[in-house]
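1. generate a structure from the sequence data that follows.
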Amino acid sequence: MVNALVRVGREFQPILPARGSIAATLQAELPKTFLTAAFQHLPAGDLASLDKDIRADVFVCADNNDAAKKTIALVEVIAGLRGFHAGPSPRQTPLKH
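-> Residues are numbered from 1 along each chain as shown. This next block holds a predicted model:
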């Protein structure tokens, strides 16, 4: 999970990477790496409140099924979270095997 943000005054504003997402940018820079993207749709405040239970579905984007399964297994270690393979990341070039 990563966000491209810049601090402007007292707020954070998003930066749109040239490839459309940090995941797509990393995949382009590391073409032989299995990369997954997850947690983008969950509010940061909910994730930051460690003393509160969270119940949520986490969508895992990956173009490699094994990478998706491993990420889903990590997601589901956290009580209350369920992971789902949501397919390849948008604008992500598929990995060559």
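
2. which residues are contacting the lowest-mean-pLDDT helix or strand in the chain?
-> Here the helix or strand of the chain ranked lowest by mean pLDDT, DSSP states H and E is helix 44-48, holding a mean of 74. Here helix 44-48 makes contact (Cβ atoms under 8 Å, 6 or more residues apart in numbering) with 39, 52, 54, 56. Backbone N, C-alpha and C define where each C-beta goes, glycine included.

3. quick check: what element follows it along the chain?
-> Moving toward the C-terminus from helix 44-48, the first helix or strand encountered (DSSP states H and E) is strand 56-61.

4. got the contact list for that following strand?
-> Defining contact as Cβ under 8 Å, 6+ apart, one finds that strand 56-61 is touched by 23, 36-42, 46, 68, 71-72, 75, 80-90, 92.

5. mind checking the pLDDT average for that strand?
-> Mean pLDDT, computed over strand 56-61, is 93.
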